[in-house]
Every structure is written in C-alpha cells, then in structure tokens.
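>>> Provided below for reference: sequence and predicted model.
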Amino acid sequence: QVQLVESGGGLVQVGGSLRLSCTASGRSFVGYAMGWFRQAAGKEREFVATIMWSGGASRYADSVRGRFTISRDNAKNTVYLQMNNLTPDDTAVYYCATRAGVYSIYERDYDYWGQGTQVTVSS
C-alpha cells in the first residue's frame, strides 16, 4: 500500500529554518508530481509548493515564494521542503502529497497524502 511519511517538523523561532522531508513507498512513483500543503488551526488546508517528477519545474504559493524551496531525490522517493526566514504565519501542519502526471496547486488533484508534520514558529 502507498505510504507517504513526513518528517522534520518542530518548534523554531522567528527567522529560523527547517527542512521537511517526505518519503514515499508502496509503488513506483515514476512520473508522479509531489506537493506540499499546510493547514493552520481553524483554517482550510492550502497549497504551499509543488514539483514535477523531473524536478525541472516547480510552483510556489505567493506567501512562501523566495523563502521556501521544494526539491526531490527520485532515487530515494523523497521530496524536501526547505523553509527559511520562518514567521508565525507559517505555523501549521504540513502535508505532502503525490499525483500521477503534471504538478497541481489543487489538493483535489492529489491521489495520496501523508499524515502531516507540525511546524510551529514562535515569536
């Protein structure tokens, strides 16, 4: 069965950095795009970043562009989210997801989801 397991979340101070990882297993992910979404308490889940299978193209939410970087290592079936210059508004549970084909900013397009990892930015 397909599993996505996120790691790397935690508590960090304003201006700090974290790197999230998400490792997929259970099938071949050749040709699968990967994405990161987040959900803050009391809010709907929102798009953060997504990357094509090739790693050659990616997209970011306006709120994180220039601070976050998505990357992947297909040999390890792992996608990363490097988060720099964190602010309290980045506090949320971060989810990774994967879908066959091109990337998407819409969560409804994703086939598989991880369980999430908590990121808390303290001021």
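Arrived safely.
>>> ok, now which ones touch the residue nearest the centre of the chain?
Closest residue to the average C-alpha location of the chain: residue 36 at 2.4 Å, with Cα atoms, centre = their mean. Taking Cβ atoms under 8 Å, 6 or more residues apart in numbering as the criterion, residue 36 is in contact with 20, 22, 48, 49, 50, 70, 79, 81, 94, 95, 96, 97. No exception for glycine: its C-beta is placed from N, CA and C like everyone else's.
>>> can you add distance to residue 87 and give these back as TSV?
As requested, those are exported to TSV (distance: Cβ to Cβ, whole Å):
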residue	distance to residue 87
20	16
22	22
48	14
49	16
50	21
70	18
79	23
81	15
94	15
95	19
96	21
97	23
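>>> pick the one among those closest to residue 116.
Ranked by distance to residue 116 (Cβ to Cβ), those are led by residue 95 at 4.7 Å.
>>> can you give me the helices in this structure?
Read by DSSP state H, the chain holds no helices at all.
>>> strands of that one, start to end?
In the chain, the strands defined using DSSP state E lie at 3-7, 10-13, 18-25, 32-39, 46-51, 58-60, 68-73, 78-83, 92-100, 112-113, 117-122.
>>> find the one among these with the highest mean neighbour count.
The highest mean neighbour count among those, using mean count of other Cβ atoms under 10 Å, belongs to strand 32-39: a mean of 24.
>>> how far is it from where the chain is centred?
Here strand 32-39 is found 5 Å from its chain centre; the criterion is Cα atoms, centre = their mean, to the nearest Å.
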